[in-house]
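Undergrad: my questions concern the predicted model and sequence given below.
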Amino acid sequence: MAMFAKEPALRTEGQSANNPEAALSIISGGVKITGDIESGGILKVDGKIEGSVRGARQVLLGRDGSIRGDVFTSEAVIAGAVHGSIFASARLELQSSAVVNGDVHTKSIIVLEGAHINGTVRMSDSAQLETTDPETTKDTLNSASDLGSLRLAN
């Protein structure tokens with residue numbers, strides 16, 4: 001039986017048992033998590049999170065998913081509702097069913113027709129957006145001189 005084999009399982013390059021970036025975490029529909037989440041990998045959310053998400057390489061929020069807290073990530077694809085600020089250091093995509101009630105800070109943004117942003121959108125070319133420390137990120141963004149600002153509302 002493979003379960004009891006003496007040889008280690010084959011892994012693709014970059015994956016290891018100790019590598020949190022290789023991890024995929026899924027919060028299924030019907031699941032509610034209260035508290036902050038820290039992840040170094042990909043976080044797929046179809047349920048509800050009441051707390052902040054920090055450090056994820058990528059956050060994928062499904063149409064029926066929701067996050068009530070701030071999101072700190074490298075990349076995010078949002079189809080559900082976020083009630084808090086989003087800090088995406090590389091890229092943010094808001095699909096047509098997305099609702100963001102909070103500020104957005106990112107390097108690159110895609111907003112599909114139908115998405116709602118109720119907050120300020122700030123974009124920066126610098127790689128100074130932190131993905132884990134909310135106070136550092138907010139201070140950096142507030143003091144940066146190369147930020148543009150766009151206010152969107154319903």
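TA: Arrived safely. Numbers count the residues shown, from 1 in each chain.
Undergrad: would you list the phi and psi of His83?
TA: Main-chain torsions, His83, degrees, to the nearest 10: phi -110, psi 80.
Undergrad: any idea what the residue lying closest to Ile37 once chain neighbours are set aside is bridged to?
TA: Leaving aside its sequence neighbours, Ile37 sits nearest to Val53 (C-beta to C-beta, 6 or more residues apart in numbering; 5.0 Å). Placement of C-beta: from N, CA and C, glycine included. Listed by DSSP bridges, the beta-bridge partners for Val53 are Ile37, Val71.
Undergrad: and the helices in the chain?
TA: Ranges of helices in the chain, per DSSP state H, are 134-143.
Undergrad: low pLDDT regions in it?
TA: Applying pLDDT under 70 to the chain flags the ranges 1-22, 126-154.
Undergrad: if we use 80, what do you get?
TA: In the predicted model of the chain, residues 1-22, 125-154 satisfy pLDDT under 80.
Undergrad: next, count neighbours for the residue nearest to Ile37.
TA: Neighbour count for Val53, taken as other C-beta atoms under 10 Å: 26.
Undergrad: and it, what does it touch?
TA: Residues near Val53 by C-beta atoms under 8 Å, 6 or more residues apart in numbering: 36-37, 39, 43, 59, 67, 69-73.
Undergrad: which of those residues ranks first by neighbour count?
TA: Ile67 (30 neighbours).
Undergrad: run through the bridge partners of that one.
TA: Beta-bridge partners recorded for Ile67 (DSSP bridges): Ile49, Val82.
Undergrad: touching, it and Gly47? I think so.
TA: No: Ile67 is beyond contact range of Gly47, at 9.9 Å (criterion: C-beta atoms under 8 Å).
Undergrad: mind checking how far the residue nearest to Ile37 is from Ser124?
TA: Distance, Val53 to Ser124, using C-beta to C-beta, to the nearest Å: 20 Å.
Undergrad: kindly report the same for Ala76.
TA: Where Ser124 is concerned, Ala76 sits at a distance of 16 Å (C-beta to C-beta).
Undergrad: mind checking which of the two has more residues around it?
TA: The neighbour comparison of Ala76 against Ser124 (other C-beta under 10 Å) goes to Ala76, with 29 against 18.
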